[in-house]
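# Please find the sequence and the predicted model below.
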Amino acid sequence: DAGGSSAIVPLQTFIWKYGDGIVDTVYTAAPAVPHTYPTHGIYTASLTVIDANTCRDSSSQQVTIHSLPVPQFSTTAQCYRDSVYFVTIGSTIPNVSGDVISNWNWKFGDGGTSTIQDPGHTYPQPGVYTPTLTATSNFGCVGELAKTLTVTPSPVADLVTDSVCKNDATLFTDKSKFDP
């Protein structure tokens, strides 16, 4: 009967191809299937559905996997009472489709923070600190780097001299120490 109604046959097989060589075949309907890509890039993912009568249909879509920022930084001398300058030289992000580092967040390891790309910071006392740089891309991808930093006591130059008469030797004595 060509004019009769057709019965809807349940879907039985779902074939997910993620475009990175991985294929998952699922035999029950799932509203979402998680997949983690091993690297950034543009992939073509597809879903093929098959019903009990072996009728099938497919759909595909491009998926852009954005890069993670790779933060790097170096510092200037780490002497107590001097500003330590942090430089993000070498920080990178592979450009997949307009990926750039858009936010810089610093935690200096002593409670201090900054959102400037290349900040300066003065530590409250000598010691070992762990500054952390978190770089965020314009797509919300995050990379982080922490390094150990030793802030050393600063020398304080001091000298003592005698007042003497002309042609007498003047004695200079070093009284330098470290601060604090």
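That came through, no problem.

# how about the residue nearest the centre of the chain, what does it touch?
Centroid-nearest residue in the chain, with C-alpha atoms, centre = their mean: G143, separated by 1.2 Å. When contacts are counted by C-beta atoms under 8 Å, 6 or more residues apart in numbering, G143 touches L68, P69, V70, P71, I93, T134, A135. For the C-beta atoms, the positions are set from N, CA and C on the backbone; glycine is no exception.

# repeat that with 6 Å
For G143, the contact set (C-beta atoms under 6 Å, 6 or more residues apart in numbering) comprises L68, P69, V70, P71, A135.

# Which entries within the residues you listed meet the buried criterion?
L68, P69, P71, A135 (16 or more other C-beta atoms under 10 Å).

# could the contacts of G143 go into CSV alongside distance to A7?
Formatted as CSV, the contacts of G143 follow (distance: C-beta to C-beta, whole Å):
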residue, distance to A7
L68, 49
P69, 53
V70, 56
P71, 58
A135, 56
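
# tell me the pLDDT at the residue nearest to the centre of the chain?
Looking at G143, its pLDDT reads 96.

# Find the nearest non-adjacent residue to it, please.
Once flanking residues are discounted, G143 sits nearest to P69: 3.7 Å by C-beta to C-beta, 6 or more residues apart in numbering.

# Just the residues contacting the lowest-mean-pLDDT helix or strand in the chain, thanks.
Lowest on mean pLDDT, DSSP states H and E among the helices and strands of the chain sits strand 177-179, with a mean of 74. Strand 177-179 is contacted by residues P153, S154, P155, V156 when judged by C-beta under 6 Å, 6+ apart.

# my guess is A52 meets V9, correct?
Yes. A52 is in contact with V9 according to C-beta atoms under 6 Å; the separation is 4.5 Å.

# thinking again about what came up before, which residues sit in contact with the residue nearest to G143?
Neighbouring residues of P69 by C-beta under 6 Å, 6+ apart: I93, I101, A135, S137, G143.

# now N105
Neighbour list for N105: T115, T134 [criterion: C-beta under 6 Å, 6+ apart].

# what's H40 in contact with, if anything?
Shown in contact with H40 (C-beta under 6 Å, 6+ apart): I65, S67, P94, V96.

# Would you check how far apart the closest residue to it other than its chain neighbours and G140 are?
Distances taken as C-beta to C-beta, 6+ apart put S67 closest to H40, at 4.2 Å, once the chain neighbours are dropped. The gap separating S67 from G140 is 12 Å, by C-beta to C-beta, to the nearest Å.
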